[in-house]
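In: The sequence isn't on hand, but the structure is:
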């Protein structure tokens, strides 16, 4: 049999994969008494080296993805295209890579602060990222499952990375148990889908899917449960707060952003390719899930004292917002989803970065009160935090508002076209929710600016990496909010909005490789 | 005829020993052993479904590696009998159990409704050769990813598991 | 005559047994085992379907699942060991520092 | 270089007006970035200069304004987010003119007034005030619904900080309450805007989707969208949309049951905050009604008018009664604002020229007189750091100048003729009388009550014996404060004596608005209880008069 | 400036305004006081110049303009214009306003001069002297706006403005809280009247608007009033108790509304309560504002709108009755007061009632006539009282006076003239004006119960004579009851104070000639149409014309004189010859006496029924209950709390931290999802 493999289609993955494979080796080499630098390295130096290395891979991957975006749609293996490298996957990969890169940058100092600076960290991050990238592009159940696990398993460990801290252990254990439980359910669902249609490729499943048959629908439901777990949508969300709170802050940031992005990518694929025939039932279910997710997330966030936990709930709520775009199911809707995921990454990472910088003396300082007086002591951090909060709350002229605006715009547009009241109600509930969300988002600037700083707990200055990340997030939040059109012109006419739209178009009309 | 006997026997054993894993509260080791039994019988079912390769893998990896790993850990922590205090949320678990029973019944009913017959398949079907061909052509990518996954798992297990980090 | 649905029933039973175990057993190791049971259930149905459709996708899938399962168990057990090292208990209910 | 800028400003007057406050801050920021240490005074001085430039621009706008046309003037239009119909689209007409001028006028006064009051975090203070100014001006001038919404929201953040950082003891509660309350309303408005936009998109399938409120270059704008009055789905009807918009405006105004954030905000806010709040921010609510609710949903306006009128009247009387029993001067003035803005609402929903012009003028009046009251109270607070009426008494003896200004302002706000308040209130009342004499009667009784609470406050603060010895040592206004007070009082007298210079520019725009409402299916003639027969009368008589057909 | 008479009109009000502005701005911005001479020049010269100018204008009016169109306007600019509503800022000089401005500027100037002396040694307040003249000038300006206003709105400007000045001047000595409170009371009560006034404007404007002539300008209204004469307004159902329900004549409604305003401004029942308290101000203020000019604005307004009232008999009757009742009511109260100024205040109320009575029977000229004479003698009385008060060192209680005749002869003389005038004895001015009023009432057949009114008017006249004489006797006759240390220093006042007294006394004596009734004119002097005021005013406010024989006129007059004499006699008996009778008498009618002595408890009534309940309701119910508790705590914070509690008390419980509960929830969720997906399940 003849195979025609298009290795280059995997460009971005290769870059990251190489990193994932080489970093552990590099770590071992660097850890020796006599390194090629001919003298033993402190753990910090080692960490920095590895971070830079992984950063290198990520940046290469980024560049490749940017190129891929403007290029044609490609698949790895013509005879059995398990992945499709279309604009959606490229776009989401870019988002994931950005998130990962920023995480890596922040981690260097943070790991030193919490005294768990192990080189494996970066290897695990890289392999997780690899999983995410495959997840966003997978069009095949097998690959979907594999990628999901490749993404999750390193995360189980990463969240338990503070080996000595009970909270970290607990977070890891919970994540592991509930996570693998969920993936087992997902697997069973996949099995049923396969049994119902006799194929593992999403496109063919979609072609043969029979909404009347019970097994098909059963499989669909179970798959939705599995993916719903990954995007932490109610009622499959409860692991998120615990895990996010216990995990090291940078890991939390990483999980809260990239994992969601990738999982939403998978969800997009499944919904558009496989479950299209069952769309009305699926969307009906998603409507309820979206409303629940927004509401529960926001309500629970109000009563939190720990900022990581609060952000966990806020990330749940935001998953709800994004679902709105999925439910709309138009080009605008999907474009809004993509855009929102990008924006969301910056907003949330900005916040988590600040929290990470606050860590000191081997432990996190993640109570909201720990931020008291930050506005006076550390203006940049405070500003970043505040703007992230306002963005998350969706106040113009920040990117968060732009994202929400597009989501609700899509909903209303579809609603007015079809006279579908449910979409209008969804939008109303959405905006009411974001009004509720103010209750906790505003608390952070309130504490930072209106409270007097605690004298003995002045956080240390953000280092170069951190400052870089903060400024990047700030710039992105503001620019994406003010001129969402042509933000990334520097990357060669990269008009986000039109790009998301273009990507969404490809999503709706799956390209024939 | 023999097929039916085999099927019923092994599926019975499989489910029974699976139940053993769940219900055997006293001794974790027994639970692990039940797991082995269940997996072996599942392997038999695999082979009955003319999936030799997978069956073999099932025996080697699952029974041979995974469960051994379990046992190893159990021994390492040498806790034969687990003694957990009082149940903290009995009601929830009761309801859950009932729910599961109901769902299982429904599920069985539903699945038994789907009547389909076996297609004729060549003798090649499910052999190592056949699987190998597909695996290294169509599913090459998946295979590679599985490799990375194993590496990642290795690193992960090491970093989290090893007793002390210098 | 044994038909595909027989196997499906068995797999479903296995799967649900696993679910039951995860729900009611408080010993984390046993919970991990039960997850393996769930995976096995899924595997069985995959193989059965693969036979039913006469294509190999299902078996490949199972192969991959077994790999995944192995990794999962390795990692999971590592985490559990770490847990034991820090807190001498296998009871899942003892790990609830993080709540609300 | 300079005349280059000059030329640009000459071309883009409104843009310059909107963005000069915030943009000009780049200069000192640059300087500081390059290592110059600017002293606090330099910052203040710079801010003052900038605000004065803004005032100059505002006056220039007024000078250029052509009172003989009712349409938008000095329009600027350029694409912001292509493909989304989101444009940078600003323009001014008789409705927004004086609110803009007012805003531009108040900023320097506020800065001078708070020259010493603001001691800590001066840079942040200046930044927020400038941002606030930009937001307010933008909201008044924008003609693109998206742009409007953005500016509308942008104002919240600086106000949040101004109250929260420089406010009184209860500031946290007050500021969060203010923020969430306002945001809740405006988010609903966002949904309303979206529905409108896509209704428009459906009505005019040929055109691209647009957020432009008034069509640019011949294209139909949102204002031209026919909106169903009944039929399915219910949420595309005028009434529903009116409510979506109206709630946010009503909260901002604030209309009766939604008013409780205002006293808290006023009491806790620093002087500057209170002045901006009372002076300009509240006007955005009434402005919103006038600019958007009335012309967009004329039929719903008339259908729901009874409710609005009811709430407004309740607000007038209720606010006055509650103000009467306040012990805290600022709280008293805050409730007085509720009462006064009730008048404005009445004027708006009178839907005749008298009412509308009165309402619009009253917005300016309220900005001046209540703003002045807050300024004066602030001066008092600077000296004694208390606001309890009981703490004072007999101040007229030690602070005659202060007393004089305060009494004049009071008289203005209770609507004494030859001062600004009277013109507005009179026009509003005579306007609403045409719609519902009963409402007019109730509202007019409000002017009795206003005299009661204001004079009572004046008496207890300024007259009677000097009970507290601390008050004996109070010093009268200094030069700076006299300047501020005079600057506030002069326009009051001007409006009171020669209101035409304000009424005339409004006239065309407002009558155009009324014609627009009629063109969009509002039967205003029938709505005017007296106007109805007046329609006949005017047809018989030679002049085509009638309260609604102003020309 | 004098080249054209129209142009010159505006300067009549503006001259005092200049004075007010200069000293006012100085007061605001400077710390010290202007030099006294300058203050006096500004304060007194401006009204005097205004007076001269008014004389000239009136002379022009009377001579250059032919009878029939004796009016001209001075139009400055369009003040308010919105839609069809236009209000010019323009002044109108016609016979009515001519009379008024002469009174205002004339009497005003005299009082200004008087004030120089009166305020001279007042040291209660630094810069008080200048402040006083500033306010007085401001008042003069606004009063002139009021009387010269060419339309309702300008009239209203003056209307409210004089209210403000009265507020400021009553509370002039603000350091005494009581004074401030009185000023506030005056302002608020006046506002109640203004409430009616405004509504009246609205009614008239829209009525004329519907008739196709949107205007509030007097001559235009008068021209078109016929077109709306027949308009009826439907009353809402809850007004069913009113007479004439369900519809009222629109003009009646308007007339009543305006009259409400008049009641406020001119202290008629039930809104008279502020005037007695207004005496807290300096005496010249009482003389100028609360006797001569401002309080008569209501009468002026009714006459100004006579063309409406003449078409609204219901309104007119109401005016008459309220006036008559007020006259009687106030006179009774005045009987027992002990404060010299309070007595004069109540007599003012009573006299104003007289004027309204006159206006109510449509004899407007009589009303104006009495207004003029009243301005003379009441100003005289107040100024005299002021000089007395100065003499006894700011003592106002007449029980502590007495025997001042010898110590202050000139004051005594002028005061006596005033007393006799108000008592209505010939040949003093008030005799003629009162006489005309009584005649008018007696003949007004179309007013229901006009004979009753006539009787009340006669009784009032008697009472007036009685209490004024009482005042006179108690103050000037008998032996001095003032405290010893004061007694020795009681001196006659300087010329600057006495001068105005003499002038006013002269006017009180001769003022009657302005409106000498035709009967007297023809009988004694052979002058036909000697009631020149009547004919002069006819074209601005046409009074009802009654054919009446001279005999009847004399008869009525004689009756009136007898009545007055009776009152005089009673007073003389009780307070001069047999002073010992008074205690006995009061002992006999003690409850009645106490009732009257406490002014019928009207103030207390208002306090109990209106003021206190309003405050209590506002505080306890509206503020503390509705605002704080219901809206804020339950409504706003309540919502927030509920939202929070949903999480804190509810959802939170699901987040147990126990893994297996999460598993359970997931399971539950999946089952529901499956049930929704697989209909069969």
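Out: Happy to help now that I have it. Predicted, not measured: the structure shown is a model, and the values here were computed from it. Numbering: from 1, shown residues only, chains lettered A, B, ... in the order given.
In: now the strand ranked longest in chain E, how far from the centre of its chain.
Out: In chain E, assigned by DSSP state E, the strand with the most residues is strand E:72-82. In terms of C-alpha atoms, centre = their mean, to the nearest Å, the centre of strand E:72-82 is found 26 Å from the chain centre.
In: Could you do stretch C:84-96 as well?
Out: Distance, centroid of stretch C:84-96 to centroid of chain: 21 Å (C-alpha atoms, centre = their mean).
In: That stretch near chain B anywhere?
Out: Yes. Contact between stretch C:84-96 and chain B, assessed by C-beta under 8 Å from any C-beta of the partner chain, occurs at C:84, C:85, C:90, C:91, C:93. (C-beta placed from N, C-alpha, C; glycine too.)
In: Doesn't the last one lie inside a helix?
Out: Spelled out, it's residue C:93. Yes. With DSSP: H, G, I helix; E, B strand; the rest coil as the criterion, residue C:93 is located in a helix.
In: on that earlier part again, quick one: buried ones out of the residues of stretch C:84-96 next to chain B?
Out: C:84, C:90, C:93 (16 or more other C-beta atoms under 10 Å in any protein chain shown).
In: Can I get those residues in TSV including distance to residue A:478?
Out: Formatted as TSV, those follow (distance: C-beta to C-beta, whole Å):
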residue	distance to residue A:478
C:84	49
C:90	50
C:93	47
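In: Spell out the residue ranges of the strands in chain A.
Out: Using DSSP E, strands in chain A cover A:74-75, A:84-85.
In: Single out the most deeply packed of those strands.
Out: Between these, strand A:84-85 has the highest mean count of neighbours, a mean of 26, where neighbours are mean count of other C-beta atoms under 10 Å in any protein chain shown.
In: Kindly report the residues of the stretch 1-150 of chain A close to chain D.
Out: Close to chain D, as judged by C-beta under 8 Å from any C-beta, the stretch 1-150 of chain A has no residues.
In: Quick check, the residue in the stretch 1-150 of chain A closest to chain C?
Out: Residue nearest to chain C within the stretch 1-150 of chain A (C-beta to the nearest C-beta): residue A:149, separated by 4.7 Å.
In: picking up where we left off before, quick one: check the helix or strand immediately after the longest strand of chain E in the chain for contact with chain D.
Out: Scanning forward in sequence from strand E:72-82 by DSSP states H and E, the next helix or strand is strand E:85-93. Yes. Part of strand E:85-93 sits near chain D under the criterion C-beta under 8 Å from any C-beta, namely residue E:85.
In: Out of the residues of stretch C:84-96 next to chain B, flag the one nearest to chain E.
Out: residue C:93 (5.7 Å).
In: Now for the residue nearest to that closest one when sequence neighbours are not counted, which secondary structure element holds it?
Out: The shortest distance from residue C:93 to any residue other than its chain neighbours is 5.3 Å, reached at residue B:88 (C-beta to C-beta, 6 or more residues apart in numbering or on different chains). Assigned by DSSP H and E, residue B:88 belongs to neither a helix nor a strand.
In: neighbours of residue B:88, just the number please.
Out: 16 (other C-beta atoms under 10 Å in any protein chain shown).
In: Quick check: it touching residue E:658?
Out: Yes. Applying C-beta atoms under 8 Å as the test, residue B:88 and residue E:658 come out as touching, 6.9 Å apart.
In: so can I have JSON lines of the buried ones among the residues of stretch C:84-96 next to chain B showing pLDDT?
Out: Output for those, formatted as JSON lines (pLDDT from 0 to 100):
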{"residue": "C:84", "pLDDT": "84"}
{"residue": "C:90", "pLDDT": "82"}
{"residue": "C:93", "pLDDT": "83"}
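In: So residue A:105 versus residue A:422, what's the distance?
Out: Noted for residue A:105: a distance of 43 Å to residue A:422, by C-beta to C-beta, to the nearest Å.
In: Most proximal residue of chain C with respect to chain D?
Out: Closest point on chain C to chain D, by C-beta to the nearest C-beta, is residue C:100, at 22.8 Å.
In: how near is residue D:327 to chain C?
Out: When distance is defined by C-beta to the nearest C-beta, to the nearest Å, residue D:327 is 42 Å away from chain C.
In: for that residue, what are its contacts?
Out: D:388, D:389, D:390 (C-beta atoms under 8 Å, 6 or more residues apart in numbering or on different chains).
In: thinking the first one is in contact with residue D:330, fair?
Out: No. No contact is recorded between residue D:388 and residue D:330 when judged using C-beta under 8 Å, the distance being 10.3 Å.
In: show me where pLDDT drops low in the chain?
Out: Chain wasn't specified; assuming chain A. A:1-3, A:33-39, A:486-495, A:509-513 (pLDDT under 70).
In: Not quite, go with chain D.
Out: D:1, D:530-551.
In: Going by residue numbers, what spans are strands in it?
Out: Going by DSSP E, chain D shows strands at D:73-81, D:86-92.
In: From the rest of the structure, what touches the last one?
Out: Think strand D:86-92. So strand D:86-92 is contacted by D:14-15, D:18, D:61, D:65, D:72-80, D:100, D:138, D:141-144, D:146-147, D:210-214, D:216 (C-beta under 8 Å, 6+ apart).
In: restrict those residues to those near chain A?
Out: Near chain A, judged by C-beta under 8 Å from any C-beta, the entries from the contacts of strand D:86-92 are residue D:80.
In: which of the contacts of strand D:86-92 count as buried?
Out: D:14-15, D:18, D:61, D:65, D:72-76, D:80, D:100, D:138, D:141-144, D:146-147, D:210-214, D:216.
In: Just want to check the distance between residue E:372 and residue A:88.
Out: If you go by C-beta to C-beta, the gap between residue E:372 and residue A:88 works out to 96 Å.
In: let me fix that: residue E:359
Out: 90 Å.
In: before we move on, back to that, narrow the contacts of residue D:327 to just the buried residues.
Out: By neighbour count, with 16+ other C-beta under 10 Å, these hold residue D:389 as buried.
In: near chain A, from the contacts of residue D:327?
Out: Answer for those near chain A: none qualify (C-beta under 8 Å from any C-beta).
In: Name the nearest of the contacts of residue D:327 relative to residue E:666.
Out: Proximity of the contacts of residue D:327 to residue E:666 (C-beta to C-beta) peaks at residue D:388, which lies at 58.5 Å.
In: so who does the closest one touch?
Out: With C-beta under 8 Å, 6+ apart, residue D:388 has these contacts: D:327, D:328, D:329.
In: Residue D:382 is in contact with residue D:116, isn't it?
Out: Yes. Assessed by C-beta under 8 Å, residue D:382 is found in contact with residue D:116 at 7.3 Å.
In: These two: which has the busier surroundings?
Out: Shown here are residue D:382 and residue D:116; by other C-beta under 10 Å, residue D:382 has more neighbours (14 against 11).
In: beta partners for the closest residue to residue D:144 other than its chain neighbours?
Out: Once flanking residues are discounted, residue D:144 sits nearest to residue D:89: 4.1 Å by C-beta to C-beta, 6+ apart. Using DSSP bridges, the bridge partners assigned to residue D:89 are residue D:77.
In: State the distance from residue D:89 to residue A:395.
Out: 22 Å.
In: returning to what we had before: I'd like to know which of the strands of chain A is closest to chain B.
Out: Of the strands of chain A, nearest to chain B by C-beta to the nearest C-beta is strand A:74-75, at 10.0 Å.
In: other SSEs contacting the closest one?
Out: Here strand A:74-75 touches strand A:84-85, going by 3 or more C-beta pairs under 8 Å, 6 or more residues apart in numbering or on different chains; DSSP states H and E.
In: Residue nearest the middle of chain B, spatially speaking?
Out: residue B:39 (5.5 Å; C-alpha atoms, centre = their mean).
In: what about the longest helix in chain B?
Out: Criterion DSSP state H: the longest helix present in chain B is helix B:90-113.
In: can you check chain C too?
Out: helix C:57-86.
In: quick one: that one near chain A?
Out: Yes. Helix C:57-86 is in contact with chain A by C-beta under 8 Å from any C-beta, via C:57-58, C:60-61, C:64-65, C:68, C:71-72, C:75-76, C:78-80, C:82-83, C:86.
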